[in-house]
Structure formats: structure tokens, C-alpha cells
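**Student:** Need coordinates for the following:
(one chain, ligands or ions: 2)
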Amino acid sequence: MAMFVLHGKTLGGGVAVGRARVLSTALRDAPQRRIAPGEVATELNRLDVAIGRVQAELQAIAQDLPVDAPVEAAAMLDVHGQMLVDATLVEGARTRIRHQACNAEWAYAAQAEELVEQFLAFEDPYLRERVVDVRQIVNRVLRAMLDNGPHDPRAGEAIDSLVVIATEPAPADLLLWRNACAFALELGGTASHAAIVARGLAKPTVVGLTDVASLIRDDDLVVVDGDAGVLVVNPDPELLEQVERRGAEHRRHRVRLQSLLPLPAATFDGVPISLQGNIELPAEAIDALAQGAGGIGLLRSEFLFLNRKQLPDEDEQVEAYAEVIRTMAGRPVTIRTIDVGADKALPRTGAESVHPGGSHFAENPALGRRAIRFCLAEPELFKVQLRAILRASALGPVRLLIPMLTHPSEILATRRLLMQARETLSERGQRFDPAMPVGGMIEVPAAAIAADVFARNLDFLSIGTNDLTQYTLAIDRSDPRVAALYDPMHPAVLRLIARTIAAARRARRPVAVCGEMAGDPLATAVLVGMGLREFSMNSTALLQVKQALLDLTVDAARQAARQALRFD
Ligand code: PEP
Ligand code: MG
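**Tutor:** Ligands and ions are numbered 1, 2, ... in the order given. Below is the predicted model:
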């Protein structure tokens, strides 16, 4: 077969070559057969045995979770365990076996399709998204019944030369295959649970590959280029040689980068630049520190709230923030208040209003009650977090960051709630830093255009280029079909960034970029040239940006910025 290329979205991790292992999508391929009345008991038994086997599998995975597994992984296993014994699914399938003469696979798959339809009909986007979990658990049971081929790694198998190809893998599946050399996945959004786990595995990964599981066969030779976002099937010898060279270069490069750790972050001509880390979970602060982060520029606190049955209370939040503060040992920690909504949903607690989507389905969730809009609509919930952040500020240098500001009145409303939170703490006799800086994310074009107003009313600004790009270009950042149009270097986006940096500098307020662009060494010169002196990024990018800085003079950076703004 000739070489061909599939294009997806990059999740990073370099390049690797290996033999494909396609994780089957059994739901599509369940065999259908009418059974004789004498076979009913056998088929019922096959269903029970398969469910029992999957139950044991899930327990084994849960026990075997690596200590550094994301908290989402355990929570997802829990959800899958509950779905496995869901009465609609199991009893419905049993009824089909008994009364409709269906074989076990057919009965179970048909019942699952009905359940999927029910989930898809929900108005609530959070519940609709759970279709993914239903499909994953159903696939596991069907595979257990069919026993058709490898899904979990075979005992003694050399996994590190395999490339995992899958449609919608469960985070648990990815952890089972964590030693594979690369991942090529159909799932679209880079913010999905599986994408978060995959990114943490730091292997070459491409997502958003349409139909990848049907186009690739087991044992096909494939190249996954996580940096370019492509999957090459049946690579020719020339490409293989290139991959080999790039792999070796990648390894040498990592070693060279480590040697930059002791050097201060500064341009070639000695202008100091602050490089900080973005983290989702407190434990990740250790990686940020190990890669030389001078602080945490963005703690995405909503990750403490996702995939849980119950929201963390004030004490638990204080402990989570305290862990980061302890790790960072005196370096600043910027805690962003919860940014839920759009593709991030809170757990359901019974109170409908706690769900950012509310009871009505939002047509455009990214434009809906997201982030600070949600928090201001839920002041009691928000004040719990504000009190927790204030209490954390007594333990070290903490800065509070408000996401998705659109209207200056949102700053005022937040400050009012902060005042109430301070009063409560004072009444309780609990300590906090009365001078804790309050900053805002500039990630909506309105805020960037009026950046001077926001700068005057805030202690610092942080530019969220991920959302700023999405909202400026009207391109859904998690939709793989328009991913090719998503471009933070678009001159309109660059102009908004430049304008925000200039406004902050005029108002003498610190300004950072904390979107993915901050970690892209190709954007470093342009940002420095615009006057940016503070970057916050995923810790894996810290040293490569440091290297770009060390090779850069401010004059060269200014020229790069001028050219980029003119789109030359
Ligand atoms: C951004 O939008 O650039 C940002 C940093 O926030 P998030 O990616 O969490 O939306
Ligand atoms: Mg954002």
C-alpha cells in the first residue's frame, strides 16, 4: 500500500514510528443472530460473565493506577463502574435476549444504542457528553463477550514499539497503554479528559483524526508527528530515515535544554524575562519547579472541581492551594478563579443552578455563562473560593486572576464579593494578605480593545491567547473541523495582544501571556518585541522558550514584532 497522510491536531511530544494497534470499536461490529429458545440461558450467562469480567478489569486498573495518574482517571473509572451495572442497560439487554431472540452481543449493543439516543436527547450538554462514557463501557463489555482480539496489552508484549490508534479511548485505556510509543486518536477536543491524560504522558500524540480507527489496520507501520499534527501510514524509507534523525535530535535536544536550567532567564542582551508555569492540578507544580519556573502564572483552579461528585469545600481548596504554595517556596502563585462552562462542566450536585449551562441548553456555550459570568451568578459558591484563595494568601505570595472579563463592572462585582469574603475571614479570626493583587485575564476582544480601562482597574493583566484567538477569529478552539483556521499569529490577534501589552505598560501594571502561545518558541521574539516580559506556559515548554530568549536581542525582537504586525 502506498504512503498516505492523515491530518489532525497536535498534542505535541515529538515524533515516533511504530506498528499500529487499533483499539476496536466493538459497538459498530457486534454480530447479530437470532437464537433458539434453548439458547436463552447460555446467552444470558454470556452477558453476565462479560459484565463480571469488565468489573474485574476496572478494579484491576483502579488498583494499578500510577501515583502520578491525573485525579480524573480515578473519577472516570468510578463513573464507568456505575454505568456497567446500569439497570436500563443490563435489564434491557436481558429482556431483548429473552423476548426478542437476540444473541447477547446484539441485545446489549441495541440496548446501548437506545441509551445513547436517550443521552443525546438531553438538553443538558454535560449529560450529552456522557455518551462518550456509555460508548466506552459498552465497548468494553462487547469486547469481553466477543473476546475478539487484543484491546488490553497482551502479557509480555513489547508495548513501547506500538502506536495506539483509537476513536474515543477512555482515560483508563490510555493509562493501560501508557508505555506505547505514540497515540493517534479520533477524539476532537484537546480539552477532553482523554486529551488531558494523553498530554500528561508526553508521547507524540495527534488528535482529531477523522475515521482513523477504520482507516488503519493492526500492524500497519505508522509515523505519528505530534508536533506537526499528522499521521503517516506506510512511510517510505526516506521518511523513516528522517524520523530516526528527528528522534535522535529530539533526545539530544532535551539533554541540551537541561543544561540551561541554572542560567537566568534573560535575552542575549541581558533583559530579564520572567518564565512561569501553567498548571491544572497542585501536584504539577513539582514539574514546573523542576523545569525552572519562577512562579505559577496560571493555576487553572476549575480542574479541582471537574469530574467530582461533590464540589471541594473551603478547607479542601485551601489545602490544594497550600500544596502549590509550599512547592513553589516563596515564588508567586497565580490562582485563577474557576473557569467553567463551554467544554468544562461542574459536577452535578442536585442544584440545577450549579451547572454552568443551567437548565437551558446554550446554543453557543463558549459565548454563554462561562467563567466569571457563572461565578457572579453563583455568589455563594464563588465566595467559598474567594475565601479559600484569601486564606491561601496568608501562606505565601498569592495573586488572584479573574477569567474571561468582558465588562469592567465584573471587576467591581468581584471586588465587592472579595470584600465580603475578607469580612467573613476577619470575623472568624482567619488570616489573609490584605494586599493580595487582583488581576484579570484579557481573552475576550472587548477587554483587549479597552485594555486601558481594565489595566487601570486591576493590579495585573494576563493575556489568554487561546480564547482571544477563538473569540477574535470566531473559531471554536475545540472543533477539529476548523482547527486549520485557528491561528494566534493572525495579525488581528497580534494587534490585540500588542495593544494590551502597551496599555498595561502605560498604566505601569505587570502583564503576562499565559495562553499556549507563550510556550511557542516561534512566538517568543514577537512577544518580547511587543514589550512582554512575563510568560506563563506548560512546564514542558519552559526550557525551549528560555533557549529562544537566550538567542534573542531586544532589537531583533522589535523588528520581528513589527514584521508580524504588518504580516510581512
Ligand atoms: C487562554 O484562554 O489562553 C487561557 C490561558 O485560558 P484557558 O486555556 O484555560 O481557557
Ligand atoms: Mg481562556
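**Student:** following the lengthiest helix in the chain, which helix or strand comes up?
**Tutor:** Determined from DSSP state H, the single longest helix within the chain is helix 40-63. Helices and strands here follow DSSP states H and E; after helix 40-63, the next one along the chain is helix 71-84.
**Student:** Specify the angle between whichever helix or strand comes after that next one and helix 71-84 in degrees.
**Tutor:** Later in the chain than helix 71-84, the nearest helix or strand by DSSP H and E is helix 87-100. Counting by axes from the mean of the first three to the mean of the last three C-alpha atoms, to 10 degrees, helix 87-100 lies at 30 degrees to helix 71-84.
**Student:** what does helix 87-100 rub up against?
**Tutor:** Identification of contacts with helix 87-100 by C-beta atoms under 8 Å, 6 or more residues apart in numbering yields 35, 40, 43-44, 47, 51, 83, 102-104, 106-108, 110-112, 114-115, 138. Just so you know, the C-beta spots here come from the backbone N, C-alpha and C atoms, and that holds for glycine as well.
**Student:** Just the buried subset of those residues, please.
**Tutor:** 35, 40, 43-44, 47, 51, 83, 102-104, 106-108, 110-112, 115, 138 (16 or more other C-beta atoms under 10 Å).
**Student:** Also near ligand 1: which of these, exactly?
**Tutor:** With respect to ligand 1, and counting by C-beta under 6 Å from any ligand atom, no part of those is in contact.
**Student:** Among these, which ones lie close to ligand 2?
**Tutor:** Contacts with ligand 2 are made by none of the buried ones among the contacts of helix 87-100, judged by C-beta under 5 Å from the ion.
**Student:** For Leu240, which non-adjacent residue is spatially closest?
**Tutor:** Val17 (6.3 Å; C-beta to C-beta, 6 or more residues apart in numbering).
**Student:** Just the mean pLDDT for the longest helix of the chain, thanks.
**Tutor:** With pLDDT averaged residue by residue, helix 40-63 scores 88.
**Student:** packing partners for that helix?
**Tutor:** helix 71-84, helix 87-100, helix 104-120, helix 131-146, helix 171-176 (3 or more C-beta pairs under 8 Å, 6 or more residues apart in numbering; DSSP states H and E).
**Student:** same thing but at 6 Å, please
**Tutor:** helix 71-84, helix 87-100, helix 104-120, helix 131-146 (3 or more C-beta pairs under 6 Å, 6 or more residues apart in numbering; DSSP states H and E).
**Student:** Val15: what's it in contact with?
**Tutor:** Pro204, Asp225, Val243, Arg246 (C-beta atoms under 6 Å, 6 or more residues apart in numbering).
**Student:** Ramachandran coordinates for it?
**Tutor:** phi -130, psi 150 (degrees, to the nearest 10).
**Student:** State the distance from it to ligand 2.
**Tutor:** Val15 sits 29 Å away from ligand 2, taking C-beta to the ion, to the nearest Å as the criterion.
**Student:** Bridging across strands, which residues link to that residue?
**Tutor:** For Val15, the beta-bridge partners are Asp225 (DSSP bridges).
**Student:** same deal with the one 4 residues further on?
**Tutor:** Beta-bridge pairing of Arg19 under DSSP bridges involves Leu162, Leu221.
**Student:** Count residues in the vicinity of it, would you?
**Tutor:** With neighbours defined by other C-beta atoms under 10 Å, the count for Arg19 comes to 14.
**Student:** and the stretch 401-550 of the chain, which residues reach ligand 2?
**Tutor:** Within the stretch 401-550 of the chain, the positions adjacent to ligand 2 are Glu443, Gly464, Asp467 by C-beta under 5 Å from the ion.
**Student:** Now do the contacts for the last one.
**Tutor:** For Asp467, the contacting residues are Glu443, taking C-beta under 6 Å, 6+ apart as the criterion.
**Student:** Work out for me the element it sits within.
**Tutor:** If you go by DSSP H and E, Asp467 is part of helix 465-473.
**Student:** For the helix or strand that that helix is followed by, what does the pLDDT average out to?
**Tutor:** Using DSSP H and E, the helix or strand that follows helix 465-473 in sequence is helix 491-506. For helix 491-506, the mean per-residue pLDDT is 98.
**Student:** what do you get for stretch 177-190?
**Tutor:** Averaged over stretch 177-190, pLDDT sits at 82.
**Student:** so the residue in the stretch 201-350 of the chain that ligand 2 sits nearest to, which of the three states?
**Tutor:** Here the stretch 201-350 of the chain gets closest to ligand 2 at one residue, Asp339, 6.2 Å apart by C-beta to the ion. Secondary structure, DSSP: H, G, I helix; E, B strand; the rest coil: Asp339 is coil.
**Student:** Looks like it contacts Glu302 (just checking).
**Tutor:** Yes - contact criterion C-beta atoms under 6 Å: Asp339 and Glu302 qualify, at 5.1 Å.
**Student:** Which one's more surrounded, the two?
**Tutor:** Taking other C-beta under 10 Å, Asp339 and Glu302 do not tie; Asp339 has more neighbours (26 against 22).
**Student:** Spit out the contact partners of the more buried one.
**Tutor:** For Asp339, the contacting residues are Glu302, Ala371, Pro403, by C-beta under 6 Å, 6+ apart.
**Student:** likewise Val384?
**Tutor:** Glu314.
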